[in-house]
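**Student:** Next one to model:
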Amino acid sequence: MSPPRDRYGRSVQDRAGDHPPDGFTSEVDTPAEVHAAAQTQRRTALGYAAVFLLVTGAVPVLTLVLPWWSESRLAGGLSPNFVVAAGGLYIFFLVLAIAAATLASSIEDRMLGGTDPDDAA
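**Tutor:** Numbers count the residues shown, from 1 in each chain. Below you'll find the model as predicted:
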């Protein structure tokens with residue numbers, strides 16, 4: 001079994017004065033890496049917030065602009081406006097939340113912490 005390695009592929013034992021406990025590697029992200037990851041997370045969050053506001057605001061706008069949106073009837077006598085407001089938005093919110101969480105986790109995994117080069121198999 002090879003010795004633990006840091007994010008740059010160096011053996012942890014090669015670094016003088018820094019000996020983490022067995023099974024742990026000493027990974028330290030630089031302030032620049034953390035700042036870049038935070039900036040990327042912020043841009044992503046703002047993008048998802050814009051999509052959220054756009055879709056949420058579209059429901060009342062469609063009600064004002066398109067008469068058929070609230071006057072026509074779907075199966076069961078429900079208007080498209082009611083169907084979207086009662087159920088469609090909640091499904092949209094769930095999908096948006098899952099997408100945002102997945103992307104945020106992926107950004108953090110890719111930009112911070114690095115991976116062990118021995119695990120690339």
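**Student:** now do the same end-to-end measure for stretch 56-72.
**Tutor:** End-to-end span of stretch 56-72 (Cα to Cα, to the nearest Å): 21 Å.
**Student:** Quick check: mean pLDDT of the helix or strand harbouring residue 101?
**Tutor:** Element membership for residue 101 (DSSP states H and E) is helix 89-111. Mean pLDDT, computed over helix 89-111, is 93.
**Student:** Tell me the gap between that helix and the middle of its chain.
**Tutor:** Between the centre of helix 89-111 and the centre of its chain there are 4 Å (Cα atoms, centre = their mean, to the nearest Å).
**Student:** tell me which residues in that helix are buried?
**Tutor:** Buried residues in helix 89-111, counting neighbours by 16 or more other Cβ atoms under 10 Å, are found at 100, 103, 107, 111. The C-beta positions use only the backbone N, C-alpha and C, and glycine is treated the same way.
**Student:** give the contact list for residue 40.
**Tutor:** Counting by Cβ atoms under 8 Å, 6 or more residues apart in numbering, residue 40 touches 107, 111.
**Student:** which element is it on?
**Tutor:** Assigned by DSSP H and E, residue 40 belongs to helix 31-65.
**Student:** Pull the distance from that helix to the chain's centre.
**Tutor:** How far helix 31-65 lies from its chain's middle: 11 Å, per Cα atoms, centre = their mean.
**Student:** what comes into contact with the following helix or strand past it?
**Tutor:** Reading on from helix 31-65 to the C-terminus, the next helix or strand found by DSSP H and E is helix 67-71. Here helix 67-71 makes contact (Cβ under 8 Å, 6+ apart) with 62, 63, 79, 80, 81, 82.
**Student:** Pull out the buried positions in the helix or strand of the chain with the lowest mean pLDDT.
**Tutor:** The least trusted helix or strand in the chain, going by mean pLDDT, DSSP states H and E, turns out to be helix 67-71, with a mean of 89. Using 16+ other Cβ under 10 Å as the test for burial, helix 67-71 gives residue 69.
**Student:** What's the first helix or strand after it?
**Tutor:** Heading C-terminal from helix 67-71 (DSSP H and E), you reach helix 80-83.
**Student:** can you tell me the average pLDDT over that next one?
**Tutor:** On average, the pLDDT along helix 80-83 is 92.
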